[in-house]
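Engineer: coordinates only, sequence not included:
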DNA sequence: TAAACATATGAACAGTTATTCATATGATGA
DNA sequence: TCATCATATGAATAACTGTTCATATGTTTA
């Protein structure tokens, strides 16, 4: 470029498609819901948490059993369970010294089943 | 603790449940598939990419229209489209100077619909 | 009550990631 | 062919995240 100019974007020119953009904007879900969806997927987007969730699909489990199953430290599992807890994806009950975790919601299975279908296409 | 000892984990003691752990391990999906699922969710776990995907649910769009719609720079959108492209979630076609993106797969809608149901419970 | 155990948590660190800025690439039209 | 436009990309940076280590909390049992 001969002159130092701001790089134009088509959105400012005549080549954009304002009708389409507006129409899509109208039909899209609310910003807040999209944020919640992204937040949910973010929780699912870690292999440790995915493995914990898939373990809990099969059975209620205490922390140390999850740690043994995944071959990870108790601390690492506990930290991840906290993330799942904060996202209201797991619930827990105390039995003696152990704490048993299970899935809080049936929707989780549905979401994962769809994801499994996709990756195994 | 009086002595400096390695903190024991129940997995090494008698309080673990090896039968349950083994049974869950047997029924769980393969490690590789779980990694793929986590990888997929990781791509979905960003609000910009969620907004792009949800926009593409409504219509095929060129890059600059997505940028305008989301009120972000063309560069930021382009970088995120590359992530979606590498995950084989979008396809594109050239029409003159513009490049139009669309979703590559119907499964994506299914997964998102389940997620929407969850967050809107 | 004290020791042992299962779990939770705070701090620190390393690795990852999203955006920005500057610039490259590739297509179009004069 | 040259200027312009739409998009892509590399480098840099700031923010975030997962694990580890050390330790705290709360329960059980001797």
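Structural biologist: Arrived safely, thanks for sending. The shown structure was predicted, so the numbers you read here are calculated from the model rather than taken from an experiment.

Engineer: Quick check: pLDDT value at the residue nearest to the spatial centre of chain A.
Structural biologist: The C-alpha lying nearest the average C-alpha coordinate of chain A belongs to residue A:41 (C-alpha atoms, centre = their mean; 2.0 Å). The pLDDT attached to residue A:41 in the predicted structure is 98.

Engineer: Identify the residues contacting it.
Structural biologist: B:41-42, B:44-45, B:50, B:115 (C-beta atoms under 8 Å, 6 or more residues apart in numbering or on different chains). From N, CA and C alone the C-beta is placed, and that goes for glycine too.

Engineer: Can you list the residue ranges for helices in chain A?
Structural biologist: For chain A, the helices identified by DSSP state H occupy A:18-27, A:31-44, A:47-58, A:63-70, A:74-86, A:107-120, in order along the chain.

Engineer: which of the ones you listed is buried the deepest?
Structural biologist: Compared across the helices of chain A, helix A:63-70 shows the largest average neighbour count, a mean of 22 (mean count of other C-beta atoms under 10 Å in any protein chain shown).

Engineer: I'd like to know which elements that one is packed against.
Structural biologist: For helix A:63-70, the contact count by 3 or more C-beta pairs under 8 Å, 6 or more residues apart in numbering or on different chains; DSSP states H and E identifies helix A:47-58, helix A:74-86, strand A:98-103, helix B:18-27 as packing neighbours.

Engineer: Could you check the angle that helix makes with strand A:98-103?
Structural biologist: Helix A:63-70 runs at 60 degrees relative to strand A:98-103, counting by axes from the mean of the first three to the mean of the last three C-alpha atoms, to 10 degrees.

Engineer: Is helix A:63-70 in proximity to DNA strand D?
Structural biologist: No. Where contact is defined by C-beta under 7 Å from any atom of the strand, no part of helix A:63-70 touches DNA strand D; the two come within 8.6 Å at best.

Engineer: which residues sit against that helix?
Structural biologist: Contacts to helix A:63-70, defined as C-beta under 8 Å, 6+ apart, come from residues A:48, A:51-52, A:55, A:61, A:73-74, A:76-78, A:81, A:98-99, A:101, B:9-11, B:15-18, B:20-21, B:24-25.

Engineer: Now residue A:62. Nearest residue, chain neighbours left out?
Structural biologist: The spatially closest residue to residue A:62, leaving aside those adjacent along the chain, is residue A:98, at 4.1 Å (C-beta to C-beta, 6 or more residues apart in numbering or on different chains).
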